[in-house]
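Enquirer: requesting a structural model of the entry that follows:
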Amino acid sequence: MYHLNAEDSANWLAENKILLHPTEGVWGIGCNAKNNTAIERVFDLKKRDRSKKFILLSPSLDSVKEFCLVSKEDIKILEKKWPGPTTFLLERGSDKYKELSYLNRHAVRVSAHKPIVDLLGLFGSEIVSTSANISGGNEIKNKDDIVSFFNYEDVAIFDGNLGNLKKPTRIFDLKLKKNIR
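Expert: Take a look at the predicted model:
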């Protein structure tokens, strides 16, 4: 498996390949959010039901506004939490990433975790992200185990550091104004 720095990881994503990456608390697996073939590959690798969608990691609140509806009130809430480890459910505002929405909503996060910030800054767009494990299975916390488990030709690992969270990020439903995870 290829062990990549941030720049090489961004290039890997641009080639529509799959990337294992550090997040605020767990190892993630993801791809270019604009490439359906890569997205399908992540579904297959995770053995994930197609009805379950993925989180979109976005480089900035401004980029989120390109595909989600956010009111002035919403922006005030988002600006207090982003960048940071909170994922928000937001109303879809365009057909961009439509296939990743569930009930016309997206799960989106603008991270403050330096490896993700660096990666997204170099990549310049959203990536799909989900925990690096089989759907419904236990988290794989050891980087070496993840590398062994996802040892495929089209999968590489971004060798950044995990954050300090001990569990996946919180998900907040902005419409219902409550945590759902």
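Enquirer: which strand or helix spans the most centrally placed residue in the chain?
Expert: The residue lying closest to the centre of the chain (Cα atoms, centre = their mean) is Ser129, at 2.6 Å. Here Ser129 sits within strand 127-131, counting by DSSP states H and E.
Enquirer: partner strands of that strand, with direction?
Expert: Strand 127-131 has the following strand partners under DSSP bridges: strand 27-32 (antiparallel), strand 55-57 (antiparallel).
Enquirer: okay, the residue nearest to Arg109 when sequence neighbours are not counted: pLDDT?
Expert: Nearest residue to Arg109, sequence neighbours excluded (Cβ to Cβ, 6 or more residues apart in numbering): Thr87, at 4.3 Å. C-beta coordinates here come from the backbone N, C-alpha and C atoms, glycine included. Note on Thr87: pLDDT of 97.
Enquirer: what angle do strand 27-32 and the helix or strand containing Ala10 make with each other?
Expert: For Ala10, the host element (DSSP H and E) is helix 6-14. Taking axes from the mean of the first three to the mean of the last three Cα atoms, to 10 degrees, one finds helix 6-14 and strand 27-32 inclined to each other by 60 degrees.
Enquirer: beta-bridge partners for the residue nearest to the centre of the chain, please?
Expert: In this structure, Ser129 bridges to Gly30, Ile55 when assessed by DSSP bridges.
Enquirer: contacts only, for it.
Expert: Residues in contact with Ser129 (Cβ atoms under 8 Å, 6 or more residues apart in numbering) are 21, 23, 28-30, 54-57, 109.
Enquirer: pLDDT score for it?
Expert: Note on Ser129: pLDDT of 97.
Enquirer: now swap in the one 5 residues further on and tell me
Expert: Ile134 is assigned 90 on the pLDDT scale.
Enquirer: what's Asp145 sitting at in phi/psi?
Expert: phi -70, psi -40 (degrees, to the nearest 10).
Enquirer: any idea how far it lies from Trp27?
Expert: According to Cβ to Cβ, to the nearest Å, Asp145 and Trp27 sit 9 Å apart.
Enquirer: ok, these two, which is more surrounded?
Expert: Taking other Cβ atoms under 10 Å, Asp145 and Trp27 do not tie; Trp27 has more neighbours (23 against 13).
Enquirer: Lys178 against Phe172, yeah?
Expert: Yes. Using Cβ atoms under 8 Å, Lys178 is in contact with Phe172, at 7.3 Å.
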